[in-house]
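Trainee: sequence first, then the predicted structure:
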Amino acid sequence: MSVNLLPVLRPDRVPWNKGRIIGQKRPLMPRHVWSIRVRLEMAGNARDLALFNMAVDSKLRGCDLVALRVRDVFAAGRVKERTSMIQSKTGKPVRFEITETTRLSLERWTQDPEMIGLEFLWPSRIHGSLHLSTRQYARIVRGWVMSLGLEPSAYGTHSMRRTKVAQIYKKTGNLRAVQLLLGHTKMDSTVRYLGVDIEDALSLSEGIDL
């Protein structure tokens, strides 16, 4: 008995990611960062503005970002310019900067009556939870992305982690710096995470003696 097979359909367009190693989610572009900040400032949303700025600066995984404590970023009543955190995935510390824009938004948020006497920077509004869950954070990020009219499936919490390092790599080509900022132990992890061209990444990596 013969079986009639349907013809295989082949796309006419070349996939945008052909020949590239792609990370999980796209990073935000500088214009996206600016637009989200403006929207949050106009809405008077102090918590989300501080959360957004810290997500961009820290480059932390969502699980580590939501677990930040006030003491992690404050010292002697002021926001630190640099701090560190033990990564839950690797158990190793990672350092990151806190820019002036982020420091100002953190100061504003921690002065909110909602934050009086609380330990965590991002307290949950769900009874019984000490801080935002990664699922809650993911929903917040989705809201930011949708407010710009972007395709939400193309972005996520890892977009926030990748946003600043993508620009650092674009402007400097320094994979080693990106590796340190992300807290990766292996360079190939950084290459995959950034989604850079394979040949470009190898050329840069060959010039770096670890």
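Mentor: Thanks, I have the structure now.
Trainee: which stretches in this protein count as strands?
Mentor: All strands of the chain, identified by DSSP state E, fall at 74-75, 78-79, 82-86, 93-97.
Trainee: neighbouring strands - and their directions - for the first one?
Mentor: When pairing is defined by DSSP bridges, strand 74-75 lines up against strand 78-79 (antiparallel).
Trainee: with the last one instead?
Mentor: The strands beside strand 93-97 in its sheet (DSSP bridges) come out as strand 82-86 (antiparallel).
Trainee: which of the strands of the chain sits closest to L40?
Mentor: Proximity to L40 (CB to CB) singles out strand 78-79 among those, at 18.0 Å. (Glycine included, C-beta is placed from N, CA and C.)
Trainee: where are the low-confidence patches of this protein?
Mentor: 1-24, 195-210 (pLDDT under 70).
Trainee: circling back: for the strands of the chain, give me a markdown table that also has mean neighbour count and distance to K164.
Mentor: A markdown table is the format used below for the strands of the chain (neighbours: other CB atoms under 10 Å; distance: least, CB to CB, whole Å):
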| stretch | mean neighbour count | distance to K164 |
| --- | --- | --- |
| strand 74-75 | 14 | 22 |
| strand 78-79 | 14 | 18 |
| strand 82-86 | 14 | 14 |
| strand 93-97 | 15 | 9 |
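Trainee: spatially nearest residue to R161, not counting backbone neighbours?
Mentor: K59 (5.3 Å; CB to CB, 6 or more residues apart in numbering).
Trainee: mind listing what the one you found touches?
Mentor: 96, 161-162, 164-165, 181-182 (CB atoms under 8 Å, 6 or more residues apart in numbering).
Trainee: tell me how far it lies from R47.
Mentor: Per CB to CB, to the nearest Å, K59 is found 20 Å from R47.
Trainee: swap in N174?
Mentor: N174 is 33 Å from R47, by CB to CB.
Trainee: please identify which of those two sits among more neighbours.
Mentor: Taking neighbours as other CB atoms under 10 Å, N174 and R47 compare with R47 leading, 20 against 14.
Trainee: remind me, longest helix of the protein?
Mentor: helix 157-172 (DSSP state H).
Trainee: and it, how far out from the chain's middle?
Mentor: Relative to the centre of its chain, helix 157-172 is centred 8 Å away, using CA atoms, centre = their mean, to the nearest Å.
Trainee: kindly report the same for stretch 181-189.
Mentor: Remark: stretch 181-189 is offset 15 Å from the chain centroid, using CA atoms, centre = their mean.
Trainee: using CSV, list the CA coordinates for that stretch.
Mentor: Extracted in CSV, the C-alpha atoms of stretch 181-189 (Å, rounded to 0.1, in the frame of the first residue of the first chain):
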residue,chain,number,x,y,z
LEU,A,181,30.4,40.5,35.4
LEU,A,182,28.1,37.6,34.8
GLY,A,183,29.9,35.4,37.2
HIS,A,184,30.6,32.6,34.7
THR,A,185,33.3,30.1,35.4
LYS,A,186,33.8,29.2,31.7
MET,A,187,34.3,31.4,28.7
ASP,A,188,32.2,29.2,26.4
SER,A,189,29.3,29.9,28.8
